[in-house]
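Asks: Quick one, what's the 3D model for this:
(2 chains)
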There are 2 protein chains.
Amino acid sequence: MADRQRTRSLPAQAALRLQLRGPEPPRHNGRAQLDLGPLADHLGYYIRRAQVWVFQDFIRSLASIDIRPAQYSVLVVIGANPGLSQSDLAGALGIERARLVRLLDRLEKRGLTQRLPSPKDRRSHALQLTVQGQKMLKRAKALAAQHEARLADKIGAEPRRLMIGYLREFIG
Amino acid sequence: MADRQRTRSLPAQAALRLQLRGPEPPRHNGRAQLDLGPLADHLGYYIRRAQVWVFQDFIRSLASIDIRPAQYSVLVVIGANPGLSQSDLAGALGIERARLVRLLDRLEKRGLTQRLPSPKDRRSHALQLTVQGQKMLKRAKALAAQHEARLADKIGAEPRRLMIGYLREFIG
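Replies: Have a look, this model is predicted:
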């Protein structure tokens, strides 16, 4: 992880710091405690840092089956709504149409999803999981539940519940 | 916005849905209300959706000066800690070293930041804003404050304060 990297050549930097801006700042876990300026009061900054943490942990949690966060979301929503259209899926997940097409191309190549022709509209598709896709989703859900439990441990049950309520605001 | 896209050919889809899984699901703002399955109880899902909202609003807010979220964070932290090293900056923001190098290359090409040689360690740099970078940061901070005010309006002052406290957990 980049944020675990240790600083090289502390004496030289300390000397430079003394010259440029006074004494060495306090360190925590070998890392300089820098002044974050207005970032320290930007909710968006904390949301971004949390999202990076969540993605890293999620990707590690599902690495054994090579399913990434957006792929997981797509599998879950197709699994829960078989026959849905690409437009509805894109709308539900807030994914751009072009990106969703690339995601579905990859899942289809792995034999996990299929785009059936819509019986009445040649411009539309009905999305479904294959049998293999259903098996994969089952394994993915179990691993994702472990990830979510770690997240709950980290943040606490009540803050987790409150945050889900607050963050719903950003959807739709 | 992808999530504002309207569904094509509703009658055809409705027919397919009836055939595949029963009646048309309820719609809200012209969008199908799909079953999100376990995503609806994943805090990570809501954090990701909120982060996408925040980035879109931030990018729009600073479009007139062409400063993106990561560029803003880098300018703010260099501005608040002149002379800091790339390692310390990467550590403070949780950015991978290689990505930070690309970010700094672009900011330097625009004349906003500079990497001065460290007087005692040839392998290290001391980062600073140029005069132009300082002016740009001042404008960026004003626009970012407007973005943050919109975010506070959307979520409410007390939830905003609570969330900053909870989300600190994910840093460091």
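
Asks: tell me the SS of A:Leu116?
Replies: Judged by DSSP: H, G, I helix; E, B strand; the rest coil, the three-state class of A:Leu116 is strand.

Asks: Check what pLDDT it gets.
Replies: Listed pLDDT for A:Leu116 reads 93.

Asks: Return the distance of it relative to chain B.
Replies: Counting by CB to the nearest CB, to the nearest Å, the gap from A:Leu116 to chain B is 9 Å. Quick note: C-beta positions are derived from backbone N, CA and C, even for glycine.

Asks: okay, now that residue: neighbour count?
Replies: Residue neighbour count, defined by other CB atoms under 10 Å in any protein chain shown, stands at 13 for A:Leu116.

Asks: which SSE is the most centrally placed residue in chain A in?
Replies: Nearest to the mean C-alpha position of chain A, by CA atoms, centre = their mean, lies A:Phe55 at 3.6 Å. Under the criterion of DSSP states H and E, A:Phe55 resides in helix A:43-61.

Asks: Please pull up the helix or strand immediately following that helix.
Replies: Toward the C-terminus from helix A:43-61 - assigned by DSSP H and E - lies helix A:69-80.

Asks: What angle do helix B:43-61 and that following helix make with each other?
Replies: 120 degrees (axes from the mean of the first three to the mean of the last three CA atoms, to 10 degrees).

Asks: if you look at helix A:69-80, does any of it touch chain B?
Replies: Yes - Helix A:69-80 lies within reach of chain B by CB under 8 Å from any CB of the partner chain, at A:Pro69, A:Ser73, A:Val76, A:Val77, A:Gly79, A:Ala80.

Asks: Format these as CSV; extra columns: pLDDT and distance to A:Ala142.
Replies: Below are the residues of helix A:69-80 next to chain B laid out as CSV (pLDDT from 0 to 100; distance: CB to CB, whole Å):
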residue, pLDDT, distance to A:Ala142
A:Pro69, 97, 16
A:Ser73, 98, 16
A:Val76, 98, 13
A:Val77, 98, 18
A:Gly79, 98, 14
A:Ala80, 97, 16
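
Asks: before we move on, back to that, now the helix holding A:Phe55: average pLDDT?
Replies: On average, helix A:43-61 scores 96.

Asks: all helices for chain A, in order.
Replies: Listed in chain order, the helices of chain A (DSSP state H) span residues A:10-21, A:43-61, A:69-80, A:86-93, A:97-109, A:131-155, A:157-167.

Asks: Selecting buried members of the residues of helix A:69-80 next to chain B in PyMOL, what would you type?
Replies: Applying 16 or more other CB atoms under 10 Å in any protein chain shown to these, the buried members can be selected in PyMOL as follows:
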select buried, chain A and resi 69+73+76+77+79+80
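
Asks: quick one: contacts for A:Leu107?
Replies: Applying CB atoms under 8 Å, 6 or more residues apart in numbering or on different chains, one finds that A:Leu107 lies in contact with A:Gln71, A:Val74, A:Leu75, A:Thr113, A:Gly133.

Asks: I'd assumed A:Ser73 was in contact with the residue nearest to the centre of chain A.
Replies: No - checked against CB atoms under 8 Å, the pair A:Phe55 and A:Ser73 is beyond contact range at 11.9 Å.

Asks: Could you give the number of residues near the residue lying closest to A:Gln146 once chain neighbours are set aside?
Replies: The shortest distance from A:Gln146 to any non-neighbouring residue, by CB to CB, 6 or more residues apart in numbering or on different chains, is to A:Ser61 (6.0 Å). Per other CB under 10 Å, the neighbour tally for A:Ser61 reads 19.

Asks: A:Ser61 and B:Glu96, how far apart?
Replies: 20 Å (CB to CB, to the nearest Å).

Asks: ok, now A:Gly111?
Replies: A:Gly111 is 33 Å from B:Glu96, by CB to CB.

Asks: Counting neighbours, what do you get for the residue nearest to A:Gln132 when sequence neighbours are not counted?
Replies: In this structure, A:Gln132 finds its nearest non-sequential neighbour in A:Gly111, 5.1 Å apart by CB to CB, 6+ apart. A:Gly111 has 12 neighbours, counted by other CB under 10 Å.

Asks: Next up, phi/psi of A:Gly111, please.
Replies: A:Gly111 adopts backbone torsions of phi 80, psi 20, taken as degrees, to the nearest 10.

Asks: Quick check, it in contact with A:Leu129.
Replies: No - taking CB under 8 Å as the definition, A:Gly111 is not a contact partner of A:Leu129, at 10.3 Å.
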